[in-house]
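Asks: sequence unknown, structure follows:
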């Protein structure tokens with residue numbers, strides 16, 4: 001096999017991609033999923049601000065009522081239960097929304113997929129040597145570089161804005177409490193918007209990179225495409241062998257039907273067609289066997305062995321061979337010619353002792 005045939009230069013076929021999906025191997029961008037979940041979490045938290053405020057107020061009032069009471073075991077247990085309940089009521093809606101956002105992000109990237117392949121126990125996954133190779137692989141190195149770049153960019157942008165904000169701190173000293181809170185709120189909104197825009201850019205770049213790398217890893221060599229085509233279409237040699245076996249079986253069944261024939265019409269050497277006409281089950285004469293050359297000689301031989309009359313009629317033999325299949329009734333336009341042959345055979349048989 002040529003060396004260039006081994007190079008994976010061809011785009012993956014649809015079957016290759018489908019097989020990879022069945023194994024749970026799909027293009028999944030963690031940055032894109034994280035961005036969608038972050039957006040959903042922020043939106044849900046903003047919508048739930050009144051609800052969260054009520055829960056925090058209730059928790060504060062509960063703690064306020066406990067002031068001055070003796071700290072006992074039952075009080076501690078009650079505080080723990082109430083605190084966990086209130087925290088759960090605040091966190092649970094956001095957690096459910098974030099979980100649904102994670103599922104939605106996956107559907108947006110690679111569609112619906114259910115497979116147990118990725119969670120099936122595999123001893124190869126805990127192979128320390130293979131794990132060390134994966135840890136030191138080029139893929140892990142690229143992931144590390146991506147993380148360092150993202151953290152560096154985020155830190156640089158945040159540092160730039162924070163430095164700018166620090167220069168404005170002196171001016172806030174002349175503002176009242178509400179003015180300072182408004183200034184802080186505005187700056188936090190600006191910083192959050194910048195960070196979200198930055199995360200959106202990171203997510204888009206990571207999504208493109210993941211999809212490019214995914215299809216690159218699935219690339220196939222020319223030989224792999226040929227092998228896949230053979231598996232889907234069937235090996236030509238195997239198909240030829242199957243056709244040969246089927247033909248042999250068909251010929252064998254055909255030869256077994258010759259004894260039921262009434263007459264064999266020949267060319268006389270190249271064509272032979274065996275005709276059966278049973279008025280109890282046939283609406284018209286039926287071809288039970290046909291062949292050319294060697295097969296024609298074999299049909300005539302079996303016919304003679306079973307004392308079936310052989311009639312030479314070259315034009316009729318050629319027409320029957322061309323227009324009729326095995327177990328098929330003869331066409332209407334050949335009724336008269338075949339009827340004359342059958343009548344001749346019946347008359348001949350009556351003169352036999």
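Replies: Sure thing, it's come through. Please read all numbers here as calculations on a predicted model, not as lab measurements.

Asks: tell me which stretches of the stretch 151-300 of the chain form strands.
Replies: 263-266, 271-276, 286-292 (DSSP state E, counting those that start in this stretch).

Asks: dump these into JSON lines; add distance to residue 314 as well.
Replies: (Glycine included, C-beta is placed from N, CA and C.) JSON lines is the format used below for these (distance: least, Cβ to Cβ, whole Å):
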{"stretch": "strand 263-266", "distance to residue 314": "8"}
{"stretch": "strand 271-276", "distance to residue 314": "7"}
{"stretch": "strand 286-292", "distance to residue 314": "13"}
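
Asks: quick check: which of those is nearest to residue 328?
Replies: Nearest of the strands of the stretch 151-300 of the chain to residue 328, taken as Cβ to Cβ: strand 286-292 at 5.8 Å.

Asks: which elements pack onto the closest one?
Replies: Helices and strands touching strand 286-292, by 3 or more Cβ pairs under 8 Å, 6 or more residues apart in numbering; DSSP states H and E, are helix 236-257, strand 271-276, helix 294-305, helix 314-323, strand 328-329.

Asks: and the angle from the longest one to strand 271-276?
Replies: Counting by axes from the mean of the first three to the mean of the last three Cα atoms, to 10 degrees, helix 236-257 lies at 50 degrees to strand 271-276.

Asks: just the fourth one next, same as before
Replies: Following the same axes, to 10 degrees, one obtains 80 degrees for the angle between helix 314-323 and strand 271-276.

Asks: the third one now?
Replies: Computed with the same axes, to 10 degrees, the direction of helix 294-305 lies at 40 degrees from that of strand 271-276.

Asks: not counting helix 294-305 itself, show me its contacts.
Replies: The contact list for helix 294-305, computed with Cβ atoms under 8 Å, 6 or more residues apart in numbering, reads 251, 255, 258-259, 261, 264, 266-267, 269-272, 274, 289-291, 309-310.

Asks: cool, the second one as well?
Replies: Contacts of strand 271-276 from elsewhere in the structure, counted by Cβ under 8 Å, 6+ apart, are 257-258, 260-266, 282, 285-292, 295-297, 299-300, 303, 308, 314, 317-318, 320-321, 324, 330, 338, 341-342.

Asks: hmm, back to that, switch the helices and strands packed on strand 286-292 over to TSV; also include mean pLDDT and distance to residue 155.
Replies: Shown next, in TSV, are the helices and strands packed on strand 286-292 (pLDDT from 0 to 100; distance: least, Cβ to Cβ, whole Å):
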stretch	mean pLDDT	distance to residue 155
helix 236-257	76	62
strand 271-276	86	91
helix 294-305	84	86
helix 314-323	84	85
strand 328-329	84	84
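
Asks: show me the chain divided up by domain.
Replies: The record, using automatic domain parsing to delimit domains, assigns the chain the ranges 12-227, 245-351.

Asks: how about the helices of the stretch 51-200 of the chain, start to end?
Replies: 73-110, 128-135, 138-172, 177-217 (DSSP state H, counting those that start in this stretch).

Asks: which one of those lies closest to residue 25?
Replies: Residue 25 lies closest, by Cβ to Cβ, to one member of the helices of the stretch 51-200 of the chain: helix 177-217, at 8.0 Å.

Asks: packing partners of the helix or strand encompassing residue 346?
Replies: Secondary structure from DSSP states H and E places residue 346 in helix 335-351. Judged by 3+ Cβ pairs under 8 Å, 6+ apart, helix 335-351 is in contact with strand 263-266, strand 271-276, strand 309-312, helix 314-323.

Asks: repeat the analysis, applying 7 Å as the threshold.
Replies: Packing contacts for helix 335-351, counted by 3 or more Cβ pairs under 7 Å, 6 or more residues apart in numbering; DSSP states H and E, involve strand 263-266, strand 309-312.

Asks: what mean pLDDT does the last one get?
Replies: I take that to be strand 309-312. In this model, strand 309-312 has an average pLDDT of 84.

Asks: please apply the same query to the first one.
Replies: Averaged across strand 263-266, pLDDT comes to 86.

Asks: tell me the gap between it and the middle of its chain.
Replies: Mean-position distance between strand 263-266 and its chain equals 56 Å (Cα atoms, centre = their mean, to the nearest Å).

Asks: partner strands of that strand, with direction?
Replies: Paired strands of strand 263-266, with direction, are strand 271-276 (antiparallel), strand 309-312 (parallel) (DSSP bridges).

Asks: buried residues in stretch 24-43?
Replies: 25-29, 31-38, 40 (16 or more other Cβ atoms under 10 Å).

Asks: among the residues you listed, name the ones in helices.
Replies: Among those, the subset assigned to helices under DSSP state H consists of 31-38, 40.

Asks: just the closest of those residues to residue 98, please.
Replies: Nearest to residue 98 among these is residue 37, at 4.9 Å by Cβ to Cβ.
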